[in-house]
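J.: Just to be clear, the model below is a prediction. Sequence and coordinates:
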Amino acid sequence: MNVDGSALTNPSAAGFRGLIRDHNDKFIKGYYGGIGYSNILHAKIMVLFHGIQLCWEPGFKDIICYSNSLQTICLVQTASVRYHHYGNKIEIIRQFLAKDWTMQLYHIFEKVIWVQTFLLNLVLELLVTWWFSTILRLNFS
């Protein structure tokens, strides 16, 4: 699972996006969302939260998550969040991580995520172009 949250400025309109792939890097599901006027940390926590839910529901049991937010990973793994503004959401993430499955969180640099996203978009564009050309050929043949 690759996750990324962002905001235009901090704070401002914020959102997130993520993708879930299998062990062969085959695309399984993409997801995104907006959280309104907020900050980058909130977006990065929410993308992790939604991604974990999307992995848990179909019963995936061995998850590796890559995030470019070391702060989010530290908050989820070790920090005391009792009085943290997003403490409730972080505690829910921790409860998911404690369930009967394996989820590993890794920090990855932003440029690596950008390259992966660029390549994914390129592949999707090629697939859509191929699909439309195939449909058009079938309809006019």
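T.: Thanks, I have it.

J.: Can you check the distance spanned by stretch 46-64, start to finish?
T.: In stretch 46-64, first residue to last residue: 17 Å (Cα to Cα, to the nearest Å).

J.: How about residues contacting stretch 54-65?
T.: Contact with stretch 54-65 is made by 1-3, 18, 20, 29, 31, 48, 51-52, 96, 99-106, as judged by Cβ atoms under 8 Å, 6 or more residues apart in numbering. Bear in mind the C-beta positions are built from the backbone N, C-alpha and C, glycine included.

J.: Now it: buried residues?
T.: Within stretch 54-65, the residues that count as buried by 16 or more other Cβ atoms under 10 Å are L54, C55, F60, I63, C65.

J.: I'd like the distance between Q104 and H23.
T.: Distance of Q104 to H23, given as Cβ to Cβ, to the nearest Å: 13 Å.

J.: tell me the mean pLDDT over stretch 30-37?
T.: For stretch 30-37, mean pLDDT is 90.

J.: Apart from its chain neighbours, what residue comes closest to Q71?
T.: L41 (6.5 Å; Cβ to Cβ, 6 or more residues apart in numbering).

J.: Next up, the contacts around the one you found.
T.: Contacts of L41 (Cβ under 8 Å, 6+ apart): S69, Q71, T72, Y86.

J.: Regarding the chain, what is its longest strand?
T.: strand 27-38 (DSSP state E).

J.: and that strand, C-alpha only, in CSV?
T.: What follows is strand 27-38 as a C-alpha-only set of coordinates in CSV (Å, rounded to 0.1, in the frame of the first residue of the first chain):
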residue,chain,number,x,y,z
PHE,A,27,-2.8,-2.9,-9.0
ILE,A,28,-5.8,-3.9,-6.7
LYS,A,29,-7.4,-0.7,-5.7
GLY,A,30,-6.9,3.0,-5.6
TYR,A,31,-8.6,5.5,-3.3
TYR,A,32,-8.7,9.2,-2.6
GLY,A,33,-10.6,11.7,-0.6
GLY,A,34,-10.9,15.3,0.5
ILE,A,35,-11.0,16.4,4.1
GLY,A,36,-11.8,20.0,3.6
TYR,A,37,-9.9,22.8,5.3
SER,A,38,-7.2,21.1,7.4
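
J.: okay, the angle between the helix or strand just after that strand and strand 27-38?
T.: Counting by DSSP states H and E, the next helix or strand C-terminal to strand 27-38 is helix 40-56. Compare the direction of helix 40-56 with that of strand 27-38 by axes from the mean of the first three to the mean of the last three Cα atoms, to 10 degrees and you get 150 degrees.
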